[in-house]
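A.B. asks: Return a 3D structure for these sequence lines:
(one chain, ligands or ions: 1)
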Amino acid sequence: MKLTQFLKQYDTEQKRIKFFRTHRENQGICCLKCASTSLRWISTIRSWTCNKCSYRLGLRKGTVMENSKLAYRIWLTGLYLMVLTKKGFSATEMQNLLGHNRYEPIWLMMHKIRIQMGEREKRYQLDGFVELDEAFLQVIVKTVQMMLVRLIIKSIGTKRFLLP
Ligand SMILES: [Zn+2]
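C.D. replies: Residues are numbered from 1 along each chain as shown. As a prediction, this is how the structure comes out:
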């Protein structure tokens with residue numbers, strides 16, 4: 001999804017909350033007090049309430065957003081940007097992109113997301129015999145060729161510079 005589409009799709013806090021709520025419900029939620037899976041959503045308090053013991057499970061509870069006061073807009077957009085770009089942003093760049101006035105909460109958010117992304121990658125690491133698509137292989141070959149050409153140009157340029 002393109003950034004403009006993403007921003008349009010989640011343009012209100014209600015839509016962002018619904019995204020996180022749906023995501024959690026699809027993973028399966030249960031009461032942290034009695035382990036019941038019978039919970040109902042109460043939108044005014046952004047929590048599920050257990051139908052058996054009335055325990056309230058907040059939307060952020062048990063997630064990377066727990067104990068964070070950052071708006072869902074910041075979390076969702078931050079997650080999107082970090083997943084979108086493999087190289088990543090510095091916390092200062094992210095702070096500027098998100099238009100947030102404090103550095104520390106953004107740094108902490110990114111740190112928590114990186115830990116989760118690292119955990120996820122560990123689970124999905126390739127192992128054993130791996131088959132690659134021919135088109136993908138061609139891309140790899142071209143990329144390696146370009147890198148070699150750049151290295152050669154760089155070394156020729158350096159030699160010219162060093163020799164009188
Ligand atoms: Zn319960």
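A.B. asks: Using the record's assignment, carve this structure into domains.
C.D. replies: In terms of domains, the chain is parsed into 27-59, 64-124 (source: automatic domain parsing).
A.B. asks: Lowest average pLDDT across the ones you listed?
C.D. replies: Here the lowest mean pLDDT among the domains of the chain goes to domain 64-124, at a mean of 89.
A.B. asks: Looking at the domains of the chain, spot the one closest to the ion.
C.D. replies: domain 27-59 (3.1 Å; C-beta to the ion). (C-beta placed from N, C-alpha, C; glycine too.)
A.B. asks: Turn the domains of the chain into a markdown table, including mean neighbour count and distance to the ion.
C.D. replies: Shown next, in a markdown table, are the domains of the chain (neighbours: other C-beta atoms under 10 Å; distance: least, C-beta to the ion, whole Å):
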| stretch | mean neighbour count | distance to the ion |
| --- | --- | --- |
| domain 27-59 | 14 | 3 |
| domain 64-124 | 14 | 19 |
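A.B. asks: okay if I get those as TSV plus distance to Tyr10?
C.D. replies: Output for the domains of the chain, formatted as TSV (distance: least, C-beta to C-beta, whole Å):
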stretch	distance to Tyr10
domain 27-59	15
domain 64-124	6
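A.B. asks: Contact partners for Lys15?
C.D. replies: By C-beta atoms under 8 Å, 6 or more residues apart in numbering, Lys15 lies in contact with Gln9.
A.B. asks: That one and the ion, how far apart?
C.D. replies: Computed as C-beta to the ion, to the nearest Å, the Lys15 to the ion distance reads 28 Å.
A.B. asks: That residue and Arg73: what is the separation?
C.D. replies: Distance, Lys15 to Arg73, by C-beta to C-beta, to the nearest Å: 10 Å.
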